[in-house]
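*Asks:* Give me the fold of what follows.
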Amino acid sequence: MVEATISLVDRGTIRTDVNHLLEGFNMGSAADPDPETMMVEGPVYNLVIDHPEGTILWDTGSHPEAGDGHWPAELYAAFEHSDADERDLDTALDDAGYGIDDVDYVFQTHLHLDHAGSLYQFAGTDVPVFVHERELKYAYFSAKTDQGSTAYVADDFDHDLNWEIVSRDRATYFEDVEFLHLPGHTPGLMGTKIDIDGYGTVIFTGDQAYARANYHDEQPLGAGLLWSRQHWLDSLAFLKDLERKHDAEMYVGHDGEDAARLEDGLP
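*Replies:* A predicted model of the protein is given here:
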């Protein structure tokens, strides 16, 4: 167990059709061929892990100009982040008691546009940026060709960054902090398991689960947010096993209740 603290970095709110989050949530039928669309809001957050070996920024969130042309118009319409400019990384870190210069390491769960948009802050620096090998390859493949996923914006990550490539399924670079490869949402998604002295084990699933229903009720993400449904199910089973073995406290990627639990920090 390590004497570390974890602080929430509030990056605002994203709004989307609930069908993106929960597979088949609102389906038409003969009796109701055009069901009303239900929009849902969820938090975008980063974390600061204050560790004896350095200060780790967990994800970098959306670009502050997401709604001003940085995101493609059709993607912004599907995943509206209207306060991205108000909750830029500098402002959000300051509210959490930190600054960009305090960050010793960056950990990217994945490189989707609402998670990697502030990597430009670390361009040209020697700050290591941890990313899974499969994620980096798929992000470039998607952003630079007409195949792959549309949720990657090259200008988010195509910078002079000090990439630290993670290739294994489970990797430990800091005492009692383990990076977990969780393919499904993307090929190279990673979560994080942390054993905190005097508190216990916490696991951050990242976007393996957007909402609690994805994890606790095992309802898959909508097809548009799944690179591989079978990989997603396998990653979910892996996380459930870790939760049982370590009596871990679980936090998912975009759930308001989970973000609220983190507002006062851990432990």
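*Asks:* Please make it C-alpha for all contacts and neighbour counts, starting now.
*Replies:* Will do.
*Asks:* How about the contacts made by His70?
*Replies:* His70 makes contact with His63 under the criterion CA atoms under 8 Å, 6 or more residues apart in numbering.
*Asks:* what's the distance between it and Ile14?
*Replies:* 15 Å (CA to CA, to the nearest Å).
*Asks:* now do Val252
*Replies:* Counting by CA to CA - Val252 and Ile14 are separated by 15 Å.
*Asks:* same question, Gly188
*Replies:* Noted for Gly188: a distance of 22 Å to Ile14, by CA to CA.
*Asks:* can you pull the pLDDT of Asp32?
*Replies:* pLDDT recorded at Asp32 is 81.
*Asks:* again but with Glu65, I slipped
*Replies:* Reading off the model, Glu65 has pLDDT 98.
*Asks:* Double-check it against Asp85; I have them as touching.
*Replies:* Yes. The criterion here is CA atoms under 8 Å, and Glu65 meets it with Asp85 at 6.0 Å.
*Asks:* in which helix or strand would I find Pro43?
*Replies:* strand 39-51 (DSSP states H and E).
*Asks:* Name the residues of that strand that are buried.
*Replies:* Under the neighbour-count criterion of 16 or more other CA atoms under 10 Å, strand 39-51 has Glu41, Gly42, Pro43, Val44, Tyr45, Asn46, Leu47, Val48, Ile49, Asp50, His51 buried.
*Asks:* same check, this time on stretch 17-31
*Replies:* For stretch 17-31, the neighbour count (16+ other CA under 10 Å) marks Asp17, Val18, Asn19, His20, Leu21, Leu22, Glu23 as buried.
*Asks:* again with stretch 196-216
*Replies:* Neighbour-count burial for stretch 196-216 [16+ other CA under 10 Å]: 196, 201-215.
*Asks:* go on, stretch 84-98?
*Replies:* Neighbour-count burial for stretch 84-98 [16+ other CA under 10 Å]: Ala84, Asp85, Arg87, Asp88, Leu89, Thr91, Ala92, Leu93, Ala96, Tyr98.
*Asks:* before we move on, the earlier item: so if I had to pick from Val252 and Ile14, which one is more boxed in?
*Replies:* Val252 (24 against 21; other CA atoms under 10 Å).
*Asks:* Quick check: that one vs Ala92, distance?
*Replies:* Distance, Val252 to Ala92, using CA to CA: 20 Å.
*Asks:* and what of Asp160?
*Replies:* 24 Å.
*Asks:* same deal with Ile49?
*Replies:* 15 Å.
*Asks:* cool, and Asp126?
*Replies:* From Asp126 to Ala92 the distance is 22 Å (CA to CA).
*Asks:* Likewise for Val18?
*Replies:* Separation of Val18 from Ala92 (CA to CA): 26 Å.
*Asks:* Check Ile196 too.
*Replies:* 24 Å.
*Asks:* Val127: how many residues sit nearby?
*Replies:* Using other CA under 10 Å, Val127 has 17 other residues around it.
*Asks:* isn't it right next to Tyr105, touching?
*Replies:* Yes. Using CA under 8 Å, Val127 is in contact with Tyr105, at 5.6 Å.
*Asks:* Centroid-wise, who is the farthest residue in this structure?
*Replies:* Ala31 (38.1 Å; CA atoms, centre = their mean).
*Asks:* Assumed that one was part of a strand.
*Replies:* No. Looking at Ala31 with DSSP: H, G, I helix; E, B strand; the rest coil, it is coil, so not inside a strand.
*Asks:* Dihedrals phi and psi, it?
*Replies:* Per-residue torsions, Ala31: phi -80, psi -30 (degrees, to the nearest 10).
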